[in-house]
Structures are given as structure tokens and as C-alpha cells.
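Participant: what follows is a predicted protein model with its sequence.
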Amino acid sequence: MVPAGDDSADAPALTVAAVARRLGVAPATLRTWDRRYGLGPSEHSAGAHRRYTAQDLERLLVMRRLTIDGVAPAEAARLAQAPDTVVPPTAASDDLTGRLPVGVPEVPALLGVPTPAGVPGRAAPGAGGVVALVDAALTGRADRCTALLDTAGTDLTAWWSDLVQPALAALARRTVVERPGVDARETLLGAVLAALRARTATPPPTGAPVVLLLPVPGEVRPVLAHVLAAALVDGGVDARLVAGPVSTRHAGELALMTRARAVVTLSESPAPDLSVVARLAGERTDLPQFVMVAEGAEDRVPLDRSVHRARTLPGLLHEALAAVAQSSVP
């Protein structure tokens, strides 16, 4: 465990009851964690009850956050006691999740997925990296988020599914009281975009095939569109994201103007307006379109030979690159 600050040694030791109130758990839970996983108080004076130090509390905070995110208690305890687990200070945001009587849905374990490691400052593989990223976002530390999200040598689809997406989901489950100017989700999204800008800083080669990413009317463009665009650039494509309102007429003009080899539309809405996709399919039967929508909205995807529905980010990336490669064959 790496202490969050240099003054932890001066912090007063805490009783079981005080720590239980801080974490929003029953004292019996703390005793169970002590007995089963060794996460007990380390300070002991003759004739007095054992008390929790600041370092003990940091380990328990990590344990609590991991279990809220669905990590098995034994694995959460192992990560909480790992020497490289970092807990940033929480002065800028009060995380109330552990104190509220909310149900936490079961989520798949985030551990055991191979991701690049060994880069200083980068988020560690698995749930520990997600926790560090979430804590940095909760405290408004954009620089820390950016360092944890370094994409050098990583596969962007894995980077998204193993780190960014779980962190966004974890933030969505948290109830926090934030200070003016602190927005955990916006801090994380800003760092994600910064990482993708750095990844694609080198312009694509002249003449690289263009893939156009169109917005859906009435929707905020999902950050996943930027991740896909950067992954397409990794594949040798000149990916361009269209911002602002796009009418059915504009879509065809943009495709012609950019000489797009393929068009991609992403939606997170349960009822997306895909009229632009349908109109473009009628005008440009030779132009492949790839559409990925939220679960339950599949029936809204227009049925057309040129329109292909993708179910996953890796699948969408593979199909789009294959279509571009096929269009380049004389």
C-alpha cells in the first residue's frame, strides 16, 4: 500500500466503531475482514483495544471500493494489501457510495485480463488499475488520470474494455458530493480524449482511406466513437468524426466530399434516430455502413445490403478495416 500523503503518521488512530462509520459497514464486517484477510488494526497499546492507523484505513478504503465494484473479497483484500496500490487523497470529493443503502449489481470480475504493464504511472492491470483511475477522477486530478491512461504499446480495444469502460461504470454507480469545478466523469473523459489525441498526434499518410463517423440526431456523441476512430487510425485509416447536426442530405454530401470508404454510426440510446443511415443507404448503395447500437435497439437498424450491424467494438473495428481494404483492391 502506498500512502496518499506524507502526514499519515500524525493522524489519530481510530476505533473499530469510527472506521465502520467511515466506511459505511458494520463493525462485524471489519472483524471478519481482520480474521479472514488480515485487514485489522495494527496499533496496539498495553491495556487498550487495538486501533486502526491511517495506513490501515487506506487499505480498508481500497477493500471497500473493490467489493462495491463486484470484486471477490479475497481478491479485493489481496489488492488492498499490495505494495503498489495507490489511494489518492480524497479532499476534493466525498464519496458517499459506501454510506448509502444502495444495491450494487453483480459485475464480472475485472481481474486476469492480460493488459500491458510495467510503464511507470500507467494503471496496473485489473481492478487495481480501475480503482486508481476512479479515485483520481473523483479528486479532479486530471494529470493523474492522464498518466494512468497512457496508451503507449496498448491495444485500444482492450484499453477501453479493461480500463476506461469499467472506470466509467464505477463512477456511474457512485454518489458523491463534489466541490465547484470538480466533475469526476468529465475529468475522466477529458483524460481519455487527451490520451487519444496523443495516440493519434501523427497525421495519417497522404491518400489514406477515409472512414467517416457520423453523429446520431439528438444524441451526445459517445466517447467510444473517439476510441474507435483512434483504433482505425492505428489500422492505417484516416478516421474523421463529424460534429454538430447532420441532416440526411448533409450525410451524403459529407461522404462525397471526404471520399469516405465506409461510414460508422454509434448510438447509446434505447431508441436511436437512424434516419440518416437509412437515407444514406438509399443514396449510396456502394458505400458500406457499420452501425452499433445499445442492447434492445437492434430492430431500429435499417435493413439494407450496405448496412451492417456490429455487436462489439473489436468486431466493428475488424469489419470496418476489412471493408476499407476490400474497397482498395482494384
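Facilitator: All right, it came through fine.
Participant: ranges for the strands of the stretch 151-300 of the chain?
Facilitator: 176-178, 210-214, 238-241, 260-266, 289-292 (DSSP state E, counting those that start in this stretch).
Participant: can I get the ones you listed in a markdown table including distance to residue 194?
Facilitator: C-betas here are computed from N, CA, C, even on glycine. Below are the strands of the stretch 151-300 of the chain laid out as a markdown table (distance: least, Cβ to Cβ, whole Å):
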| stretch | distance to residue 194 |
| --- | --- |
| strand 176-178 | 21 |
| strand 210-214 | 19 |
| strand 238-241 | 16 |
| strand 260-266 | 20 |
| strand 289-292 | 24 |
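Participant: residue 248 is nearest to which of the ones you listed?
Facilitator: When these are compared by Cβ to Cβ, strand 210-214 sits nearest residue 248, at 10.7 Å.
Participant: does anything pack onto the helix or strand hosting residue 315? Which helices or strands?
Facilitator: Taking DSSP states H and E as the criterion, residue 315 maps to helix 313-328. Counting contacts by 3 or more Cβ pairs under 8 Å, 6 or more residues apart in numbering; DSSP states H and E, helix 313-328 packs against helix 156-159, helix 223-234, strand 260-266, strand 289-292.
Participant: can you put the strands of the stretch 151-300 of the chain in a markdown table and add distance to residue 188, mean pLDDT and mean neighbour count?
Facilitator: A markdown table is the format used below for the strands of the stretch 151-300 of the chain (distance: least, Cβ to Cβ, whole Å; pLDDT from 0 to 100; neighbours: other Cβ atoms under 10 Å):
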| stretch | distance to residue 188 | mean pLDDT | mean neighbour count |
| --- | --- | --- | --- |
| strand 176-178 | 13 | 76 | 14 |
| strand 210-214 | 21 | 97 | 24 |
| strand 238-241 | 19 | 97 | 20 |
| strand 260-266 | 19 | 97 | 25 |
| strand 289-292 | 22 | 97 | 25 |
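Participant: now for the residue nearest the centre of the chain: which residues touch it?
Facilitator: Centroid-nearest residue in the chain, with Cα atoms, centre = their mean: residue 164, separated by 1.9 Å. Neighbour list for residue 164: 149, 188, 192, 223, 227 [criterion: Cβ atoms under 8 Å, 6 or more residues apart in numbering].
Participant: what's the burial count for the second one?
Facilitator: Residue 188 has 25 neighbours, counted by other Cβ atoms under 10 Å.
Participant: verify the stated contact: it with residue 135.
Facilitator: No. The pair residue 188 and residue 135 does not pass the contact test of Cβ atoms under 8 Å, sitting 10.9 Å apart.
Participant: and the contacts of residue 164, which is closest to residue 140?
Facilitator: residue 188 (10.2 Å).
Participant: can you count the residues close to the residue lying closest to the closest one once chain neighbours are set aside?
Facilitator: In space, and not counting its chain neighbours, residue 188 is closest to residue 137: 4.1 Å by Cβ to Cβ, 6 or more residues apart in numbering. Residue 137 sits with 30 neighbouring residues when counted by other Cβ under 10 Å.
Participant: so residue 137 makes contact with residue 189?
Facilitator: No. Contact between residue 137 and residue 189 fails when scored by Cβ under 8 Å: they sit 9.0 Å apart.
Participant: what's the first-to-last distance across stretch 255-262?
Facilitator: 8 Å (Cα to Cα, to the nearest Å).
Participant: which residues are contacting that stretch?
Facilitator: Contacts of stretch 255-262 (Cβ under 8 Å, 6+ apart): 209-212, 240, 254, 263, 280, 284, 287-290, 320, 323-324, 327-328.
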